[in-house]
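Novice: One predicted model, sequence on top.
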Amino acid sequence: LHITLGAMADKYGPLFTIKLGSTKIAVLSNSEMARECFTKNDKASSSRPKLVAIEHLSYNQAMFGFASYGPYWREVRKIVTLELLSNRRMELLHDVRVSEVQASTKELVNLWSSQKDESSGYVLVDIKQWFAELTFNMVFRMIAGKRFFGAMKTESEEKAERCVKCVKNMLRLLGVFTVGDAIPSLRWLDFGGHEKAMKEVAMELDKILTEWIDEHRQMMDLGEKDANERDFIDVMLSVISDAKIDNVDADTIIKATILNMIIGSSETTTISMTWAMCLLLKNPRTLEKAKEELDKEIGKERCASESDINKLIYLQAIIKETLRLYAPAPLTATHEFSGNCNLGGYNIKKGTQLIANLWKINNDPCLWSNHLEFTPEKFLTTHTDVDVRGHHFELLPFGSGRRVCPGISFGLQMIHFSLASFLHSFEVSIPPDEPIDMSGTPGLVHAKATPLTIMVKPRLSLSCYETRFLFNFDRKC
Ligand code: HEM
């Protein structure tokens with residue numbers, strides 16, 4: 001969709017509208033329009049429409065990422081920013097991230113040791129799947145204290161599969177614009193059965209979340225957790241307690257917010273690491289430079305630690321360039337204008353919906369020379385001061401303005417550390433005669449469509465891979 005809308009922008013300009021039944025959608029596609037929209041018109045353009053998918057899958061807009069602009073959204077976003085995604089919380093969750101990266105690395109070394117090809121010394125691995133399992137473990141441990149994959153998993157295979165499948169289905173269905181959204185009078189016909197599928201996924205997820213919250217309440221009553229062991233559900237239970245916000249009850253707020261954290265963080269992070277790996281394998285010189293930096297800053301006597309990330313300037317530039325070329329969320333979520341306004345000389349009426357084509361903005365040939373080439377060096381030379389946090393309107397992988405992604409630091413921390421650890425720990429190579437397929441999935445997120453099967457072998461001495469962090473699951477088991 002981002003490519004089709006990008007081609008339409010080339011023909012009709014950086015702001016055009018499309019009409020789907022009775023719904024008018026403005027599509028914004030360049031940095032100047034983005035600046036005007038997310039600064040001067042930010043308040044007016046920061047609401048969200050009540051689409052059919054949002055009604056069913058977001059607890060009727062209790063998920064703040066899909067809530068209308070107003071006191072409820074403001075209050076919950078404030079709680080999330082201050083309590084869940086703050087620097088302090090990130091520090092408290094340091095051991096979780098490190099233990100997960102160490103455990104996944106160790107498991108990959110074990111796989112290599114038992115299945116390597118004796119002549120090449122490499123083992124074949126679908127690294128997209130490895131990144132996905134690592135991210136799911138990290139995210140679900142920080143959010144709910146759950147570990148789905150690997151030797152130390154806390155959940156059965158069946159439960160893990162059920163949960164991961166539901167989250168993936170939810171993300172897919174959130175990208176569906178139903179006939180009922182365009183022509184409300186035809187909603188009851190439910191063409192394609194999308195609404196039925198949405199209700200089923202919502203019910204299944206609600207069951208899982210209710211179970212987790214009950215479990216956490218019991219643990220809390222037993223006083224079984226130290227302050228630094230608290231996950232997001234524990235924090236939400238203590239912050240919200242039984243208070244209502246704008247008439248939404250505490251349990252609904254907690255379930256909706258936890259689910260928002262899960263869908264916001266799990267896929268986007270995996271997708272970014274996978275695209276980065278594809279681009280590195282297609283650009284061996286860049287991969288070599290990244291390894292040189294890792295060896296210079298960390299050496300080869302130990303594995304990477306989170307405190308190394310600040311020194312890995314080239315690796316950070318690689319991630320910026322990946323997010324520029326392959327934004328995991330190439331379009332913003334749909335916004336809705338809550339008041340009339342003027343944008344780029346056009347009068348926009350209240351109720352008009354808005355989508356910003358972030359991918360088109362990030363790849364504007366007027367602002368980026370050789371805009372389709374992968375050159376992280378630009379962020380160390382000509383574009384040193386351009387960051388991804390929504391203030392530089394030529395690079396907006398996380399959006400901008402009031403609705404900018406609240407998980408930027410949280411997401412970047414996971415991406416930088418996981419990728420640095422992987423590249424530092426393993427030698428990688430592409431199987432001969434197998435070009436890297438760069439096709440992506442349609443929908444809300446733009447993931448690599450096919451597996452990324454590559455050859456992997458350890459590059460540090462085997463003693464470096466011994467895990468130092470212990471899992472503390474005994475009481476839960
Ligand atoms: C590489 C990683 C990520 C990317 C590229 C990304 C990108 C985005 C984008 C483009 C938006 C939409 C902005 C708009 O509608 O204008 C967004 C919103 C959001 N993201 Fe992220 N995101 C990432 C990671 C995360 C993480 C780790 C979390 C949570 C832990 C998260 C939670 C959210 C939430 C809750 C919203 C909705 C905010 C609101 O409407 O107030 N995201 N993100």
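Specialist: Nice, thanks for sending it over. Numbers count the residues shown, from 1 in each chain.

Novice: Now the longest helix along the chain: buried residues?
Specialist: Scanning the chain for the longest helix, with DSSP state H as the assignment, gives helix 250-282. By neighbour count on 16 or more other C-beta atoms under 10 Å, the buried set for helix 250-282 is 250-281. Just so you know, the C-beta spots here come from the backbone N, C-alpha and C atoms, and that holds for glycine as well.

Novice: Show me what the helix or strand following it is packed up against.
Specialist: Using DSSP states H and E, the helix or strand that follows helix 250-282 in sequence is helix 284-298. Where contact means 3 or more C-beta pairs under 8 Å, 6 or more residues apart in numbering; DSSP states H and E, helix 284-298 is packed against helix 250-282, helix 313-325, helix 408-425.

Novice: how does it look with 10 Å?
Specialist: helix 250-282, helix 313-325, helix 408-425, strand 426-429 (3 or more C-beta pairs under 10 Å, 6 or more residues apart in numbering; DSSP states H and E).

Novice: any chance of those in CSV, plus distance to the ligand?
Specialist: Below are these laid out as CSV (distance: least, C-beta to the nearest ligand atom, whole Å):
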stretch, distance to the ligand
helix 250-282, 2
helix 313-325, 6
helix 408-425, 3
strand 426-429, 21
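
Novice: The longest helix of the chain to helix 284-298, inter-axis angle?
Specialist: 110 degrees (axes from the mean of the first three to the mean of the last three C-alpha atoms, to 10 degrees).

Novice: and helix 250-282, how far from the chain's centre?
Specialist: Distance of helix 250-282 from its chain centroid, counting by C-alpha atoms, centre = their mean, to the nearest Å, is 3 Å.

Novice: how about whichever residue of the stretch 1-150 of the chain sits closest to the ligand, what does it touch?
Specialist: Distances between the stretch 1-150 of the chain and the ligand by C-beta to the nearest ligand atom are smallest at G65, namely 3.1 Å. For G65, the contacting residues are 48, 54, 58, 73, 76-77, 80, 174, 256-257, 259-261, 263-264, 333, 403, 405-407, by C-beta atoms under 10 Å, 6 or more residues apart in numbering.

Novice: near the ligand, which residues of the stretch 101-250 of the chain?
Specialist: For the stretch 101-250 of the chain, no residue is in contact with the ligand (C-beta under 6 Å from any ligand atom).

Novice: So which residues of the stretch 101-250 of the chain form strands?
Specialist: Taking DSSP state E, counting those that start in this stretch to define them, one finds strands in the stretch 101-250 of the chain at 123-126.

Novice: which stretches of it have low pLDDT?
Specialist: Under the criterion pLDDT under 70, no range of the stretch 101-250 of the chain is flagged.

Novice: Show me the helices in it, by range?
Specialist: 127-144, 157-174, 179-182, 194-221, 232-240, 250-282 (DSSP state H, counting those that start in this stretch).

Novice: residue contacts, the residue located most distally from the centre of the chain?
Specialist: Largest separation from the mean C-alpha position in the chain: S119, at 38.5 Å (C-alpha atoms, centre = their mean). Applying C-beta under 10 Å, 6+ apart, we find S119 in contact with no residue.

Novice: Tell me which residues touch the residue of the stretch 301-450 of the chain found nearest the ligand, please.
Specialist: Among the residues of the stretch 301-450 of the chain, G407 lies closest to the ligand, at 2.3 Å counting by C-beta to the nearest ligand atom. Counting by C-beta under 10 Å, 6+ apart, G407 touches 65, 80-81, 84-85, 260-261, 264-265, 268-269, 398, 413-414.

Novice: Using TSV, please lay out the residues you listed together with distance to W130 and pLDDT.
Specialist: Putting the contacts of G407 into TSV (distance: C-beta to C-beta, whole Å; pLDDT from 0 to 100) gives the following:
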residue	distance to W130	pLDDT
G65	28	96
V80	29	96
T81	31	96
L84	27	94
L85	26	95
N260	26	95
M261	23	94
G264	22	92
S265	18	91
T268	17	95
T269	13	96
F398	25	97
Q413	19	95
M414	14	95
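
Novice: List just the nearest of the residues you listed to I3.
Specialist: T268 (19.0 Å; C-beta to C-beta).

Novice: excluding its backbone neighbours, what's nearest the closest one?
Specialist: P328 (4.4 Å; C-beta to C-beta, 6 or more residues apart in numbering).

Novice: Next: I208.
Specialist: Going by C-beta to C-beta, 6+ apart, I208 has C163 as its nearest residue, at 5.7 Å.

Novice: same thing with N347?
Specialist: That would be N340: by C-beta to C-beta, 6+ apart, it lies 6.9 Å from N347.

Novice: Count residues in the vicinity of the one you found, would you?
Specialist: Residues lying near N340 (other C-beta atoms under 10 Å) number 12.

Novice: what's the answer for S86, then?
Specialist: The tally of other residues near S86 (other C-beta under 10 Å) stands at 14.

Novice: got the contact list for it?
Specialist: Per C-beta under 10 Å, 6+ apart, neighbours of S86: 80, 92, 409-410.

Novice: If I look at it, what pLDDT would I see?
Specialist: Confidence at S86, expressed as pLDDT, is 92.

Novice: now the one 4 residues further on
Specialist: You'll see M90 listed with a pLDDT of 92.

Novice: pretty sure it contacts F232?
Specialist: No: M90 lies out of contact with F232 (C-beta atoms under 10 Å); the separation is 11.9 Å.

Novice: Overlap of the contact sets of the two?
Specialist: By C-beta under 10 Å, 6+ apart, M90 and F232 have these common neighbours: 84, 142.

Novice: Hmm, Q129 is touching T450, no?
Specialist: No: using C-beta under 10 Å as the test, Q129 is too far from T450 to be in contact (11.4 Å).

Novice: quick one on the thing from earlier: so between M90 and F232, which is more surrounded?
Specialist: Neighbour count, other C-beta under 10 Å: between M90 and F232, F232 has more, with 24 against 17.
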